[in-house]
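Q: The following comprises the amino acid sequence and a computationally predicted model.
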Amino acid sequence: MREYFSESQPHVLAHRGYAASHPENTLAAFAAALDAGATHIETDVHLSKDGQVVIFHNDTYEGKPLIEWDRSALPTHVPSMLEALRAFPVARFNVDVKSAEAATPLARIINDESAHDRILLTSFSRARRKSAVAALTRPVAQSAAAAEFGPALLGAKLGWSWLVKRALRQVDALQIPTRVLGLNTITPRTIRAYRRAGVLVHVWTINEAVQMSELISLGVNGVVTDETPTAVKTLRNPAASS
């Protein structure tokens, strides 16, 4: 198991920080999530016009693509990835590469900060994730893209363990919703298949305590959540929620 996952389970991945208390994807939201007990911070990155890797979810700001904005023209609360890594020097970040332009600059930051053990790279696009990985000087944890998860889900449903293992051979984790195209992704059978393929399973975006507990009882390794305190109380300190 990579160092990134060494925090005891279940993992609580704060979705864009603790955005219920602060603007999402801000240093304040990240601090609040960590203070509440999150084990990991889930976030998103783009590249700005002046070449900075900025933490922002949407592709556009005020109707214009992020790549057309200088960092200085964005709101002051929009941090860069470098600032986040330095502000929280031991925090573990789950980074969704939202644009192709951000992939290599992100990798350079990870290299320069020697942050490999506290980064998981993910993207809906396998090409974007691989572009970042190719520029790294050391391996990092990776989560499956849509093109990898599709075959893995099919194999899990059909009982084809060889297909699940083949589809997931380059990643360390699956981070998935409970349903895709009308199919339930989380069942005892699919969980067994994913785990046999050697990956951890995180489910998003789960905000209700009952559902969190049900998923953990099925064997998932953690949840991505907007409700960090609820997840910590329910999953990391269950006695407090009884």
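A: Received, thanks. Residues are numbered from 1 along each chain as shown.
Q: Okay, helices next: where are they in this structure?
A: Listed in chain order, the helices of the chain (DSSP state H) span residues 27-36, 81-87, 103-112, 126-134, 146-158, 161-167, 188-196, 209-218, 228-231.
Q: Give me whichever of those helices is most buried.
A: Across the helices of the chain, averaging neighbours per residue (mean count of other CB atoms under 10 Å) puts helix 228-231 on top, at a mean of 24. Quick note: C-beta positions are derived from backbone N, CA and C, even for glycine.
Q: What residues are bridge-paired with the residue nearest the centre of the chain?
A: Taking CA atoms, centre = their mean as the criterion, residue 94 is the residue nearest the geometric centre of the chain, at 3.6 Å. Listed by DSSP bridges, the beta-bridge partners for residue 94 are residue 42, residue 120.
Q: before we move on, the earlier item: need the helices of the chain in CSV (columns: distance to residue 176 and mean pLDDT).
A: Supplementary listing: those in CSV, determined by distance: least, CB to CB, whole Å; pLDDT from 0 to 100:
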stretch, distance to residue 176, mean pLDDT
helix 27-36, 21, 98
helix 81-87, 24, 98
helix 103-112, 22, 98
helix 126-134, 15, 98
helix 146-158, 6, 97
helix 161-167, 13, 98
helix 188-196, 9, 97
helix 209-218, 11, 97
helix 228-231, 17, 97
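Q: Now distance to residue 3 too, for those helices, in a markdown table please.
A: Output for those, formatted as a markdown table (distance: least, CB to CB, whole Å):
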| stretch | distance to residue 3 |
| --- | --- |
| helix 27-36 | 18 |
| helix 81-87 | 15 |
| helix 103-112 | 14 |
| helix 126-134 | 16 |
| helix 146-158 | 22 |
| helix 161-167 | 23 |
| helix 188-196 | 20 |
| helix 209-218 | 23 |
| helix 228-231 | 22 |
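Q: Of those helices, which is nearest residue 175?
A: When those are ranked by proximity to residue 175, the top entry is helix 146-158, at 9.0 Å, counting by CB to CB.
Q: ok, residues contacting the closest one?
A: Contact with helix 146-158 is made by 124-126, 144, 160-164, 166-168, 170-171, 174, 176, 180, 183, 185, 189-190, 193-194, 197, as judged by CB atoms under 8 Å, 6 or more residues apart in numbering.
Q: swap in stretch 180-187?
A: The list of residues contacting stretch 180-187 from outside it, by CB under 8 Å, 6+ apart, reads 149, 153, 157, 176-179, 190, 201, 203, 215, 218, 220.
Q: Could I get the average pLDDT for that stretch?
A: Regarding stretch 180-187, the rounded mean pLDDT is 95.
Q: for stretch 3-22, same thing?
A: When the per-residue pLDDT values of stretch 3-22 are averaged, the result is 95.
Q: Return the set of buried residues in it.
A: Within stretch 3-22, the residues that qualify as buried by neighbour count (16 or more other CB atoms under 10 Å) are 4-5, 10-20, 22.
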